[in-house]
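A.B. asks: Predicted coordinates and the sequence they were generated for:
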Amino acid sequence: MNGGPDSRGWLPCYLSGAVFAVCMAGTTLPTPLYSLYQDELGFSELTVTVVYAVYAFGVIGVLLLAGNASDAVGRRPVLLGGLGFAAASAVCFLCATALGWLFAGRLLSGLSAGLFTGAATAYVMELAPGKGSPRASFVATAANMGGLGCGPLLAGILAQYAPWPLYLPFVVHLVLLAVSGVVLLGLKETVSERRPLSTVRPQRPGLPPEVRKVFRPAALASFVGFALFGVFTSVSPAFLAEFLDVDNHAVSGLIVALAFFASVAGQSAVGRIGEQRSLSLGCAGLLGGLALLAAALWWQLLPLIVLSALLGGGGQGLAFRAALAQVAAASPAGSRAAVISTLFVVAYTGISLPVIGVGILSGHIGLQDAGLVFIACMAVLVTCAGLYLVRRPAVKRA
């Protein structure tokens, strides 16, 4: 391994990215376990989707109320608070003897992600040599999506092949959170002019004028990409069990994880393709992923679900990394975390609405038809987004 100055200079960036990934893994950890909770506590598919969506409301609430907190008090205090909420979420799942514990756990998980998304993304970039370099933006977005992918994979493997399937995943995550806290305490603070917490005010979604032309197409692409993930993660585990008799939790977790890992692969290609083209190509990949998922639901074929995860996830990665890099580069340093948080408000609105929509529709027309109806709606939206991006491409980086 190269131990030269370059690798040492990037070590804080990589360590902060690892902390970011550990926190985000906790937000998807319960995904392959919901069927076990359904058997244990006896609730409907609609309840599963509402429990899932509570997380997004927690994220959006924190981003609106305190999305700029790390610009004032510093990155590390906010991230330590996020790790604390993540640990509290794991404890709730360990105590989950009733449905209320699941709602509390998901809400706390959303609070942790809300504190992390803007602050950790800015922190990773600021700890890197050259700060806002493309490599730093890749570390940040890969940590986010890679962490989301590791959650269901870890939980699925432990639930299938280890004892205590509803307990061991959260015990392991608590250990990882403790290690992350120690790592975070060893990293430097990057906010030089810190202000008291009392200066933090709730913020309405808003943008500095110089960011708006970049933000519009970036936000549109992010919404569509996260909407696909919302549909996929809410529909696929239940669909696999109900229609394809796939009861192996490790397989369910792996398929969901593939979408997030494909997103990381898509992000890695942005440097070669270019940020401008990545937004449009990402929308095309999302449309292809939606089409494959619809075909998988219609013909009930497992290979099509896998392909939809790979293509849709890759498209999301292309679009999301390009969106995040352009928005971060266009943002003034003093409001970078706040602007990034606003982008994530749009993204998490996308990930919550499809989940609730699928849950409501499934109670009336069944899970299969609910998935098809909502995929059709998302296909219309991603087509409009792609046409918009072709006609009005994002402003180029200076």
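C.D. replies: Right, received. Where do you want to start? What you are looking at is a predicted structure, and each value in this text was computed from that prediction instead of being measured.
A.B. asks: List the first helix or strand encountered after the helix or strand where residue 225 lies toward the C-terminus.
C.D. replies: Assigned by DSSP states H and E, residue 225 belongs to helix 212-243. Sequence-wise, the next helix or strand downstream of helix 212-243 (DSSP H and E) is helix 249-268.
A.B. asks: tell me which residues in whichever helix or strand comes after that next one are buried?
C.D. replies: Next helix or strand after helix 249-268 toward the C-terminus (DSSP H and E): helix 270-273. Residues of helix 270-273 classed as buried by neighbour count (16 or more other CB atoms under 10 Å): 270, 273. C-beta here means a position set from N, CA and C on the backbone, and glycine is covered the same way.
A.B. asks: what do you get for stretch 258-272?
C.D. replies: Buried-residue list, stretch 258-272, by 16+ other CB under 10 Å: 258, 259, 260, 261, 262, 263, 264, 266, 267, 269, 270.
A.B. asks: Restrict that stretch to CA atoms and write it as PDB.
C.D. replies: C-alpha atoms of stretch 258-272 as PDB (Å, rounded to 0.1, in the frame of the first residue of the first chain):
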ATOM      1  CA  LEU A 258     -27.100  -4.100  -5.300                       C
ATOM      2  CA  ALA A 259     -29.100  -1.000  -6.100                       C
ATOM      3  CA  PHE A 260     -27.000   1.100  -3.700                       C
ATOM      4  CA  PHE A 261     -23.700  -0.500  -4.800                       C
ATOM      5  CA  ALA A 262     -24.600   0.100  -8.400                       C
ATOM      6  CA  SER A 263     -25.200   3.800  -7.400                       C
ATOM      7  CA  VAL A 264     -21.600   3.900  -6.200                       C
ATOM      8  CA  ALA A 265     -20.400   2.400  -9.500                       C
ATOM      9  CA  GLY A 266     -22.400   5.100 -11.400                       C
ATOM     10  CA  GLN A 267     -20.800   7.800  -9.300                       C
ATOM     11  CA  SER A 268     -17.300   6.500 -10.100                       C
ATOM     12  CA  ALA A 269     -18.100   7.000 -13.800                       C
ATOM     13  CA  VAL A 270     -19.000  10.700 -13.500                       C
ATOM     14  CA  GLY A 271     -15.300  11.800 -13.700                       C
ATOM     15  CA  ARG A 272     -14.900  10.100 -17.100                       C
END
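A.B. asks: mean confidence score for it?
C.D. replies: Average pLDDT, stretch 258-272: 91.
A.B. asks: Same check on stretch 91-101?
C.D. replies: 96.
A.B. asks: re the thing from before, mind putting the buried residues of stretch 258-272 in JSON lines, distance to residue 97 included?
C.D. replies: What follows is the buried residues of stretch 258-272, written out as JSON lines (distance: CB to CB, whole Å):
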{"residue": "258", "distance to residue 97": "33"}
{"residue": "259", "distance to residue 97": "31"}
{"residue": "260", "distance to residue 97": "30"}
{"residue": "261", "distance to residue 97": "34"}
{"residue": "262", "distance to residue 97": "36"}
{"residue": "263", "distance to residue 97": "35"}
{"residue": "264", "distance to residue 97": "36"}
{"residue": "266", "distance to residue 97": "40"}
{"residue": "267", "distance to residue 97": "40"}
{"residue": "269", "distance to residue 97": "46"}
{"residue": "270", "distance to residue 97": "45"}
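A.B. asks: returning to what we had before: any idea of the angle the helix holding residue 225 forms with helix 249-268?
C.D. replies: Angle between the axes of helix 212-243 and helix 249-268 is 160 degrees (criterion: axes from the mean of the first three to the mean of the last three CA atoms, to 10 degrees).
A.B. asks: name the helices or strands packed onto helix 212-243?
C.D. replies: helix 34-41, helix 45-66, helix 249-268, helix 275-299, helix 302-330, helix 336-365, helix 367-391 (3 or more CB pairs under 8 Å, 6 or more residues apart in numbering; DSSP states H and E).
A.B. asks: and of these, who's closest to residue 209?
C.D. replies: Nearest to residue 209 among the helices and strands packed on helix 212-243 is helix 302-330; the distance by CB to CB comes to 10.6 Å.
A.B. asks: Number of residues surrounding residue 375?
C.D. replies: 27 (other CB atoms under 10 Å).
A.B. asks: That one touches residue 290, doesn't it?
C.D. replies: Yes - Residue 375 is in contact with residue 290 according to CB atoms under 8 Å; the separation is 5.2 Å.
A.B. asks: quick one on the thing from earlier: what's the most distant pair in the buried residues of stretch 258-272?
C.D. replies: 258 and 270 (19.4 Å).
A.B. asks: sorry, back to before: from the buried residues of stretch 258-272, which is closest to residue 297?
C.D. replies: residue 259 (15.3 Å).
A.B. asks: Show the contacting residues for that closest one.
C.D. replies: 149, 229, 232, 233, 309, 310, 312, 313, 316 (CB atoms under 8 Å, 6 or more residues apart in numbering).
A.B. asks: Turn those into CSV, columns for distance to residue 240.
C.D. replies: Output for those, formatted as CSV (distance: CB to CB, whole Å):
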residue, distance to residue 240
149, 17
229, 16
232, 11
233, 12
309, 12
310, 16
312, 16
313, 17
316, 20
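A.B. asks: Tell me how far the closest residue to residue 142 other than its chain neighbours lies from residue 170.
C.D. replies: Once flanking residues are discounted, residue 142 sits nearest to residue 264: 4.8 Å by CB to CB, 6 or more residues apart in numbering. Using CB to CB, to the nearest Å, one gets 24 Å for the distance from residue 264 to residue 170.
A.B. asks: Now do whatever helix or strand residue 79 lives in and helix 336-365, the angle between them.
C.D. replies: Here residue 79 sits within helix 75-94, counting by DSSP H and E. On the basis of the same axes, to 10 degrees, helix 75-94 is oriented at 20 degrees to helix 336-365.
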